[in-house]
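> model the following, please.
(chains A and B)
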Amino acid sequence: MSRQQEVLTLTEICIELQLSQDACVELVDLGVVSPSGNAPQDWTFDYTSVCIIRRAARLRRELDLEWSAVAVVVNLLEERERMQAEIETLRQRLDRFLGQD
Amino acid sequence: MEFKDYYKTLDVATDADKAAIKKAYRRLARKYHPDVSTEKDAEQNFKEVSEAYEVLSNDERRAEYDQLRQYRSQGGEFKPPPGWQSQGGGQFESEDFSDFFSSIFGSSFSGHSRNHRGFDSSEDFYSTRGRDIEVDLPVFLEETLNDEQKTIQYNLPHYDESGRVNQVRKTLKVKIPKGTIGGERIRLKGQGAPGFGKGQAGDLYLRVKLVPHPLFDAVGHDLHLTLPVAPWEAALGAKVTVPTLDSKISLNIASGSQTGQRLRVKGHGLPTKTGRGDLFVILKVVMPEKSDEEARGHWEALRDHANFNPRQNLES
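Numbering: from 1, shown residues only, chains lettered A, B, ... in the order given. Alright, predicted model coming up:
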C-alpha cells in the first residue's frame, strides 16, 4: 500500500478532525502547531501536526479546558515526551559506555 | 451483567446537583486522562468516569438510570426490564462504553455527539465519519534504509447488527518510506474506525517507534556507535574496522586518542531526503580482561616512565 499525500490543508483538517476553522486558527495562533504557508487558505499541516491538533481537541473536550490552557498542556506533554525519548537514548548510550563490550 | 454504580464512580451523593457532578467529573478526568495521567489503569478509569458522566450529566439518562437503580435493588444479576427502551440514548459515541451502558441506552451515536460538539456539519444527521486511530509502528533501523513493506495488525471497532461494538483484528501491508525517523507519522486514509451511516471511515496514523539496535543509537538522522579500543590503539593510533548499519568501513584512530572522543564519519547515518546523516563513533578505551606476568612487566615499565597523574584535577 502506498503512502498518501503528506500534508493536509486547513479545510481537510477541519473535516477530518470535526473541528471548526476558528478552533484550528486559535491553535496556530497559540503556537500549538506551525503550518507551512502564510495565509490560512495556504496552510498545510504535516501528519505530526494533525495528531497534535487531535490531542488538543480531545484534551479541550474531555478536560473542559480553554484553548489557552490546552496550549500549555500540549506544549508540556510534547516537551515531556521529547525529554523522555532523550533520556531513553542517553540511558542506552550510557549503558553501552559503562557496560562490558 | 454487573450493575454499574455511576454515583460511586464519580464519588458523588445520589442527590448531587449538576454542578457537583460536573466538578467531580473534572477532578477525576484530570486525574485519569490518558494523555496526562501517570496513574496505573488510567485509561480504564477514565473510560468509567466518562461513562458515568455521560449518564449523570444528562437529565433524561439520569432519570432512567435512577429508575433502573431501584429495579436493581430487587437483587440478582442486572438485566434491563423486559421491553426496556431508552428515551435518552442516541446522542453519544458509545464505542468505549460498557455493555451495561449499551444495554440501557443502546449503542447508536450521532454526528451531534458530545465528542463532536462545535462542529457545524451539513452531513446527514445520522452519518458520522469514523474516528482516526493512532497506533505505534515498531521499525528496525535497517528498515529505514530502503522503502520497505511491513505487515501490521491492529484493533478496529466493529458494529454488529444490533449495534454492539466488538474489536476485530485487522491485518494490513504498509510501506515504510526510506528515511523514516522515530516519531514520524504515516497516514493510511480510510483504514481507521468505520463510519456510521453514510459516514466515511477514519484514517489510520502509524507513529514510528525505532526499535533499539544492539550497536547503534539513532539521533535524528545521525547514528552513534560506541567503539571499544585497546589502550595501545588509543596511545599509538590504529586502523580499525568499524561496522556501519549496512557495511563495514576502515577508520583511523589517531595516536593519543581519549575515551569519549567522537569521530564523525560523513554519510553513514540514516537516509535523508537529500542523502544520508552521519555516523558518530565514540571511542571507549577498554583494558584487556587478562594479562600475564610479561604484560604486567610492560605496564610497570610504562608507569615508571610516563610520570602521568590522571587525578590531577581532583587534587587541591
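> wait, what's in contact with the closest residue to A:Gly37 other than its chain neighbours?
Spatially, and ignoring its direct neighbours in sequence, A:Gly37 is nearest to A:Trp43 (4.5 Å; Cβ to Cβ, 6 or more residues apart in numbering or on different chains). C-beta here means a position set from N, CA and C on the backbone, and glycine is covered the same way. Neighbouring residues of A:Trp43 by Cβ atoms under 8 Å, 6 or more residues apart in numbering or on different chains: A:Thr9, A:Leu10, A:Val28, A:Pro35, A:Ser36, A:Gly37.
> secondary structure element holding the third one?
Take DSSP states H and E as the rule and A:Val28 turns out to sit in helix A:21-29.
> out of the contacts of A:Trp43, who's nearest B:Arg207?
Nearest to B:Arg207, judged by Cβ to Cβ, of the contacts of A:Trp43 is A:Pro35 at 20.0 Å.
> and the stretch 151-300 of chain B, which residues reach chain A?
B:172-175, B:177, B:182-189, B:202-203, B:205, B:207, B:212, B:217-219, B:224, B:226, B:228, B:282, B:284, B:286 (Cβ under 8 Å from any Cβ of the partner chain).
> tell me the buried residues within those residues.
Among those, those buried by neighbour count (16 or more other Cβ atoms under 10 Å in any protein chain shown) are B:174, B:177, B:182, B:184-188, B:202-203, B:205, B:207, B:217-219, B:224, B:226, B:282, B:284.
> burial measure for the residue in chain A that chain B sits nearest to, as a count.
Distances between chain A and chain B by Cβ to the nearest Cβ are smallest at A:Tyr47, namely 3.7 Å. Using other Cβ atoms under 10 Å in any protein chain shown as the criterion, A:Tyr47 is surrounded by 21 other residues.
> nearest spatial neighbour of it, skipping sequence neighbours?
Per Cβ to Cβ, 6+ apart, closest to A:Tyr47 is B:Arg185, 3.7 Å.
> and that neighbour, what pLDDT?
pLDDT, B:Arg185: 92.
> which parts of the stretch 101-250 of chain B are helices?
Using DSSP state H, counting those that start in this stretch, the helices found in the stretch 101-250 of chain B span residues B:231-236.
> CA atoms of the helix or strand of chain B with the lowest mean pLDDT as PDB?
When the helices and strands of chain B are compared on mean pLDDT, DSSP states H and E, helix B:99-105 comes out lowest with a mean of 79. This file holds the C-alpha atoms of helix B:99-105, laid out as PDB (Å, rounded to 0.1, in the frame of the first residue of the first chain):
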ATOM      1  CA  ASP B  99     -22.100  -3.400  27.800                       C
ATOM      2  CA  PHE B 100     -24.000  -2.200  30.800                       C
ATOM      3  CA  PHE B 101     -24.300   1.200  29.300                       C
ATOM      4  CA  SER B 102     -25.300  -0.200  25.900                       C
ATOM      5  CA  SER B 103     -27.900  -2.400  27.400                       C
ATOM      6  CA  ILE B 104     -29.600   0.600  28.900                       C
ATOM      7  CA  PHE B 105     -29.100   3.300  26.400                       C
END
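> what's that helix packed up against?
helix B:42-56, helix B:59-72 (3 or more Cβ pairs under 8 Å, 6 or more residues apart in numbering or on different chains; DSSP states H and E).
> got the CA coordinates for the longest one in CSV?
In CSV, the C-alpha atoms belonging to helix B:42-56 read as follows (Å, rounded to 0.1, in the frame of the first residue of the first chain):
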residue,chain,number,x,y,z
ALA,B,42,-5.6,5.5,33.9
GLU,B,43,-7.3,4.7,30.6
GLN,B,44,-9.7,2.2,32.1
ASN,B,45,-10.6,4.5,35.0
PHE,B,46,-11.0,7.4,32.6
LYS,B,47,-13.5,5.4,30.5
GLU,B,48,-15.5,4.6,33.5
VAL,B,49,-15.5,8.2,34.7
SER,B,50,-16.6,9.4,31.2
GLU,B,51,-19.4,6.8,31.0
ALA,B,52,-20.7,7.8,34.5
TYR,B,53,-20.6,11.5,33.5
GLU,B,54,-22.3,10.8,30.2
VAL,B,55,-25.2,9.3,32.1
LEU,B,56,-25.4,11.5,35.2
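> what sits against B:Pro81?
Here B:Pro81 is in contact with B:Leu68, B:Tyr71 (Cβ under 8 Å, 6+ apart).
> so how far is B:Ser103 from it?
Per Cβ to Cβ, to the nearest Å, B:Pro81 is found 11 Å from B:Ser103.
> so which bits of stretch A:55-74 are buried?
For stretch A:55-74, by 16+ other Cβ under 10 Å, it's A:55-60, A:62-63, A:65, A:67, A:70-71, A:73-74.
> other residues contacting stretch B:8-19?
B:7, B:20-21, B:24-25, B:28, B:48-49, B:51-53, B:56-57, B:66.
> just the buried ones among those, please.
The buried subset of those - by 16+ other Cβ under 10 Å - is B:Tyr7, B:Ile21, B:Ala24, B:Tyr25, B:Leu28, B:Glu48, B:Val49, B:Glu51, B:Ala52, B:Tyr53, B:Leu56.
> surely the fifth one and B:Val49 touch.
Yes. Taking Cβ atoms under 8 Å as the definition, B:Leu28 is a contact partner of B:Val49 at 4.5 Å.
> low pLDDT regions in the stretch 101-250 of chain B?
Applying pLDDT under 70 to the stretch 101-250 of chain B flags the ranges B:107-126, B:162-163.
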